[in-house]
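[1] build the 3D model from these lines:
(2 chains)
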Amino acid sequence: KAGVTQTPRYLIKTRGQQVTLSCSPISGHRSVSWYQQTPGQGLQFLFEYFSETQRNKGNFPGRFSGRQFSNSRSEMNVSTLELGDSALYLCASSRGGTGGEVEQYFGPGTRLTVT
Amino acid sequence: QQQVKQSPQSLIVQKGGISIINCAYENTAFDYFPWYQQFPGKGPALLIAIRPDVSEKKEGRFTISFNKSAKQFSLHIMDSQPGDSATYFCAASKYYALNFGKGTSLLVTP
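    Residues are numbered from 1 along each chain as shown, chains lettered A, B, ... in the order given. Below you'll find the predicted structure:
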């Protein structure tokens, strides 16, 4: 079974621009979560989507948004990029149901550099 | 604030030794405690996880010990190998929002 895929793998943007990152979950997984990883703050939860609805949200500004499509693929968007948004953005997928299957499997991440 | 505290920050163990990483959490609502392993340039990989209704779980060389009353849990890597050299993260969650520790950089020397 294919794992979680993320595109693009690397991205360089200029401060003030916006960016869209994409994530395709493992087949059969309906929950997609996004995390930001930086050397200073570590791994931080951004948001989680299930069946096209945002189910959980972390403590990030409104510049960070996401969405999920009917095929469970997800995108996250960061508007008005700041230098501090440079990070590895990780997507994780899970079955997401109420049956206790909460294991999250991560993709390789998208390395975003803001200059 | 950091909801999961992890120690040590770095660890050096000889091949064949036992690596022990500790985590402590504050929120008693957390009901799922996974450990992840991350190699440079890769995403975190799920190693092993535990629920608070069991005190220990073992999978191969990896064991989680869980102390609900102390709100602490730890990862033990038995017979540590150079290939285990990586960064290890503990996490805790309720629902799907994982709260991660800061990570432990493990180096296993030959």
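
[2] spell out which residues of chain A are next to chain B.
    With CB under 8 Å from any CB of the partner chain as the criterion, chain A comes near chain B at residues A:4, A:31, A:33, A:35, A:42-45, A:48, A:50, A:55-56, A:58, A:90, A:92, A:94, A:96, A:102-109. Placement of C-beta: from N, CA and C, glycine included.

[3] now a PyMOL select for only the buried ones of those.
    Here is the PyMOL command that selects the buried residues among the residues of chain A next to chain B (16 or more other CB atoms under 10 Å in any protein chain shown):
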select buried, chain A and resi 4+31+33+35+42+43+44+45+48+50+55+56+58+90+92+94+96+102+104+105+106+107+108+109
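
[4] filter the residues of chain A next to chain B down to the ones in strands?
    Residues of those located in strands (DSSP state E): A:31, A:33, A:35, A:42-45, A:48, A:50, A:55-56, A:90, A:92, A:94, A:105-106.

[5] just list the residues touching residue 6, thanks.
    Let's take chain A. Neighbouring residues of A:Gln6 by CB atoms under 8 Å, 6 or more residues apart in numbering or on different chains: A:21-24, A:89-91, A:107-110.

[6] switch to chain B, that's the one I care about
    Contacts of B:Gln6 (CB under 8 Å, 6+ apart): B:21-23, B:89-90, B:101-104.

[7] now the strands for chain B?
    Going by DSSP E, chain B shows strands at B:4-7, B:10-14, B:19-25, B:33-38, B:45-50, B:56-59, B:62-67, B:72-77, B:86-92, B:99-100, B:104-109.
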